[in-house]
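Enquirer: sequence-free structure coming up:
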């Protein structure tokens, strides 16, 4: 099999290419607020789960600790989230600040517009199927 055939048949490459393409769509919609889709996702998860621990956040986002720390850094610097540690605890917990809630609330219609654009272009049923299959992949034990 030639290298170009391998590339066309590689499941991982196809998923990464599709992911980057969709990420560009969402990032473009969220750009007016200076947010990326990753940042919006973090704000949304923290909004739903105030006081979430870093380990839980990493599991939900399927991110390694160092990658997650890099992703959280601009949210902390922007004053959109705050972290704390209970006395005697080692685990950091995160919650939105008032400004973080405001930014996230302003971002929701932009995110919805990106969702609508994807569904219009890709068909709603296919988009739902794609999301379901992508989520199913996160449950597979590849060991």
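Expert: Received it, and whenever you're ready, just let me know what you need. On a predicted model such as this, the values are computed, not experimentally measured, just so you know. Residues are numbered from 1 along each chain as shown.
Enquirer: make it CA atoms for all contacts and neighbour counts henceforth
Expert: Fine.
Enquirer: Tell me where the chain has strands.
Expert: In the chain, the strands defined using DSSP state E lie at 52-53, 81-84, 93-96.
Enquirer: quick one: buried residues of the second one?
Expert: To tie it back to what came earlier, the one meant is strand 81-84. 81-83 (16 or more other CA atoms under 10 Å).
Enquirer: Mean confidence (pLDDT) on the longest helix belonging to the chain, please.
Expert: Identified as the longest helix of the chain according to DSSP state H is helix 98-122. Helix 98-122 carries an average pLDDT of 97.
Enquirer: Give the buried residues for that helix.
Expert: In helix 98-122, counting by 16+ other CA under 10 Å, buried: 100-101, 103-104, 107, 110-111, 113-115, 117-118.
Enquirer: ok, back up a step: now for the strands of the chain, which one comes closest to residue 128?
Expert: Of all the strands of the chain, it is strand 52-53 that lies closest to residue 128, at 27.5 Å by CA to CA.
Enquirer: What segments of the protein are helices?
Expert: 3-9, 11-30, 37-48, 54-61, 65-77, 98-122, 124-137.
Enquirer: will you turn these into CSV that also has distance to residue 89?
Expert: Compiled in CSV, the helices of the chain are given as follows (distance: least, CA to CA, whole Å):
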stretch, distance to residue 89
helix 3-9, 47
helix 11-30, 35
helix 37-48, 19
helix 54-61, 13
helix 65-77, 18
helix 98-122, 25
helix 124-137, 32
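Enquirer: looking at those, which is buried most?
Expert: With neighbours taken as mean count of other CA atoms under 10 Å, the helices of the chain reach their highest mean count in helix 37-48, at a mean of 19.
Enquirer: orientation of that helix relative to helix 65-77 in degrees?
Expert: 80 degrees (axes from the mean of the first three to the mean of the last three CA atoms, to 10 degrees).
Enquirer: Give me the average confidence score over helix 37-48.
Expert: 98.
Enquirer: which other helices and strands contact that helix?
Expert: Here helix 37-48 touches helix 11-30, helix 65-77, strand 93-96, helix 98-122, going by 3 or more CA pairs under 8 Å, 6 or more residues apart in numbering; DSSP states H and E.
Enquirer: can we see that at 10 Å?
Expert: Under the contact definition 3 or more CA pairs under 10 Å, 6 or more residues apart in numbering; DSSP states H and E, helix 37-48 sits against helix 11-30, strand 52-53, helix 54-61, helix 65-77, strand 81-84, strand 93-96, helix 98-122.
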